[in-house]
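[1] Sequence isn't available, so here's the structure alone:
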């Protein structure tokens, strides 16, 4: 008989990244998501710390989706003794594999560069984890289908329900002896270009809700018109439009939109270069899981044939040296790493360059600095002046805004005992807390990192 449930917030508490919530019971211990911290240095350093729990006692990890801030800590979890299963939908695990392998590669390359150029205080600089750690992690992956209750033990069952955001993304419902714990994951947009609208939970005794845009509404901007104007301006200036892009969903949506604009005759046949090994691999995942998105096979093939896929680092430099006006879409979306750093290192000091930020920029990231108007930016230990025009659009965000989050909760028939707000910065968390309380009258709590909560069952 289960007597109590203990909840521990191991990440995304008071901040957006590092999602990890531990549920401990007398039968099974479950970790929902296992993400990496990103952003300010104090948060990034948390990735190097062992979790303040006995990791070997975790039985399963349930993944809501494949983004780095929800899966990126998994190899470190194995290093600390985790030996259970890692469960998620098929697209989620495919995307997680791509992201983890790319993450390990970037960390290995950055450690090597730091050692070669001697700009790290660590002697030697080491990667957070390597490809061997990732391979061990992938052996733990187990595919589960959505919309089906799966028994974990006598009194515990769980279910994945699709919630938009990215390919394969879900919210997770866990029934523990009749009490339902619901974890939103990252809730997607209504009327997304590529994905179906999120499903909604209908019962939640305890609810955990992301709050990325808890304090704001996405602008009702004409995205196609904005992109069209920026591209024509780029051609007039004989410059470059650089779009730092998240490799999952954002990149694929941008490729679709640019193809659509060209097909409508709104933009010229300007060269478009896709320089994101991870994003290219995710494009292939879209091809493989066609039932998970809105694109037909013909649309998918046409949009992919419209762009130039950069395969090697040599081709990256050839693209930089190409004197034509062009669009460059490269990872990463918050300018924290990846190929986009090479382009910005060379082109951010050119006033004919435009940098278009297309999503949430976490505190402490280069993307946030650019958005806030920094006059210089640091790459690989050196500072570079920012003379490029910096533009930002919010309507491409894969996250629900405040109204969409409130709507996502609207089908819940009961009154939750507690609602916990996670995955948000302080202002967003507190604003959404007040909005939920005003709208529904529910008891809303904003947990801090490593807080514990207990429930009698």
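    That came through, no problem. This one's a predicted model, so the numbers in the text were calculated from it and none came from an experiment. Numbers count the residues shown, from 1 in each chain.

[2] Helix or strand, whichever it is, which one in this structure has the lowest mean pLDDT?
    The weakest-scoring helix or strand in the chain, judged by mean pLDDT, DSSP states H and E, is helix 277-288 (a mean of 88).

[3] list the contacts for the most centrally placed residue in the chain?
    Nearest residue to the geometric centre of the chain (Cα atoms, centre = their mean): residue 67, 3.9 Å. By Cβ atoms under 8 Å, 6 or more residues apart in numbering, the contact set of residue 67 is 35, 95, 99, 166, 186, 246, 248. (Glycine included, C-beta is placed from N, CA and C.)

[4] And for residue 85?
    The contact partners of residue 85, taken as Cβ under 8 Å, 6+ apart, are 59-61, 140, 142.

[5] If we use 6 Å, what do you get?
    Applying Cβ atoms under 6 Å, 6 or more residues apart in numbering, we find residue 85 in contact with 60, 140, 142.

[6] For the second one, give me its contacts.
    Residues touching residue 140, when contacts are defined by Cβ under 6 Å, 6+ apart, comprise 85-86.

[7] how far away is it from residue 65?
    The gap separating residue 140 from residue 65 is 17 Å, by Cβ to Cβ, to the nearest Å.

[8] what about the strands in the stretch 351-457 of the chain?
    354-357, 376-379, 382-385, 389-392, 418-422, 444-445, 452-456 (DSSP state E, counting those that start in this stretch).

[9] The stretch 101-250 of the chain too?
    Counting by DSSP E, counting those that start in this stretch, the strands of the stretch 101-250 of the chain are 141-143, 150-151, 156-162, 170-176, 179-183, 206-210, 240-244.

[10] what angle do the fifth one and strand 418-422 make?
    Using axes from the mean of the first three to the mean of the last three Cα atoms, to 10 degrees, the direction of strand 179-183 lies 20 degrees away from that of strand 418-422.

[11] begin at 383 from here
    In the new numbering, first residue 383, that becomes strand 561-565.

[12] on that earlier part again, next helix or strand past the least confident helix or strand of the chain?
    Per DSSP states H and E, the first helix or strand lying C-terminal to helix 659-670 is helix 679-687.

[13] In the sheet, which strands lie alongside the next helix or strand after that following helix, parallel or antiparallel?
    Sequence order places strand 690-691 as the next helix or strand after helix 679-687, per DSSP H and E. Under the criterion DSSP bridges, strand 690-691 sits next to strand 654-657 (parallel) in its sheet.

[14] List the contacts of the strand it pairs with.
    Residues contacting strand 654-657 (Cβ under 6 Å, 6+ apart): 640, 689-692, 698, 701, 709-712, 721.

[15] What subset of those is buried?
    Buried members of the contacts of strand 654-657, counted by 16 or more other Cβ atoms under 10 Å: 640, 689-690, 692, 698, 701, 709-712, 721.

[16] Report the two of the residues you listed separated the most.
    640 and 698 (19.5 Å; Cβ to Cβ).

[17] Okay, domains of the protein per the record?
    Split into domains by automatic domain parsing, the chain comes to 386-598+780-838, 605-774.

[18] Tell me what angle the top helix by length along the chain forms with strand 538-544.
    In the chain, with assignment by DSSP state H, the single longest helix is helix 472-499. Orientation of helix 472-499 against strand 538-544 (the same axes, to 10 degrees) gives an angle of 80 degrees.

[19] Just the buried residues of helix 472-499, please?
    Neighbour count says helix 472-499 has 472-490, 492-493, 496 buried, by 16+ other Cβ under 10 Å.

[20] Kindly report the same for stretch 770-781.
    Buried, per 16+ other Cβ under 10 Å, within stretch 770-781: 770-773, 775-776, 778-781.

[21] Give me the lowest-pLDDT entry from the residues you listed.
    For those, the weakest pLDDT value sits at residue 776, with 81.

[22] Other residues contacting stretch 761-775?
    Contacts for stretch 761-775 (Cβ under 6 Å, 6+ apart): 501, 608, 723, 727, 730-731, 733, 735-740, 752-753, 757-759.

[23] among those residues, which ones are buried?
    608, 723, 730, 735-740, 752-753, 759.

[24] Serialize those to TSV and add fields for distance to residue 663 and pLDDT.
    Formatted as TSV, those follow (distance: Cβ to Cβ, whole Å; pLDDT from 0 to 100):
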residue	distance to residue 663	pLDDT
608	28	93
723	19	95
730	27	97
735	27	98
736	27	97
737	24	97
738	23	97
739	23	95
740	20	90
752	26	97
753	28	96
759	28	96
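
[25] and those, which two are the farthest apart?
    It's 608 and 723 that sit farthest apart of these, by Cβ to Cβ, at 25.0 Å.

[26] about what we covered before: how distant is the least confident helix or strand of the chain from the center of its chain?
    Taking Cα atoms, centre = their mean, to the nearest Å, one finds the center of helix 659-670 at 15 Å from the center of the full chain.

[27] Equivalent analysis for stretch 625-640, please.
    13 Å.

[28] mind checking the end-to-end distance for it?
    Using Cα to Cα, to the nearest Å, the end-to-end distance of stretch 625-640 comes to 12 Å.

[29] now do the same end-to-end measure for stretch 517-533.
    OK, stretch 517-533 end separation, Cα to Cα: 28 Å.

[30] Residue 423 and residue 745: what is the separation?
    For residue 423, the distance to residue 745 - Cβ to Cβ - is 11 Å.

[31] Of the two, give the one with the bigger neighbour count.
    Between residue 423 and residue 745, counted using other Cβ atoms under 10 Å, residue 745 has the larger neighbour count: 15 against 8.

[32] Against residue 722, how distant is the more buried one?
    The value you get for residue 745 to residue 722, if Cβ to Cβ is used, is 19 Å.

[33] could I get the strands of the stretch 483-632 of the chain as CSV with mean pLDDT?
    Listed next are the strands of the stretch 483-632 of the chain as CSV, based on pLDDT from 0 to 100:
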stretch, mean pLDDT
strand 523-525, 98
strand 532-533, 98
strand 538-544, 98
strand 552-558, 98
strand 561-565, 98
strand 588-592, 98
strand 622-626, 97
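
[34] closest one to residue 815 among those strands?
    Residue 815 sits nearest to strand 588-592 of all these, at 10.0 Å, using Cβ to Cβ.

[35] wait, what's in contact with residue 702?
    residue 728.

[36] Just the element for it, please.
    Residue 702 belongs to helix 695-703, assigned by DSSP H and E.

[37] and that helix, what's its mean pLDDT?
    Here helix 695-703 scores 95 as its mean pLDDT.

[38] tilt between that helix and strand 622-626?
    140 degrees.

[39] end to end, how far does stretch 739-750 reach?
    9 Å.

[40] Just the buried positions in that stretch, please.
    Buried, per 16+ other Cβ under 10 Å, within stretch 739-750: 739-744, 746-750.

[41] which two from those residues end up farthest apart in space?
    Pairwise distances across the buried residues of stretch 739-750 peak at 18.9 Å for 740 and 746 (criterion: Cβ to Cβ).

[42] what separates stretch 386-401 from the chain centre, distance-wise?
    Relative to its chain's centre, stretch 386-401 lies at 16 Å (Cα atoms, centre = their mean).
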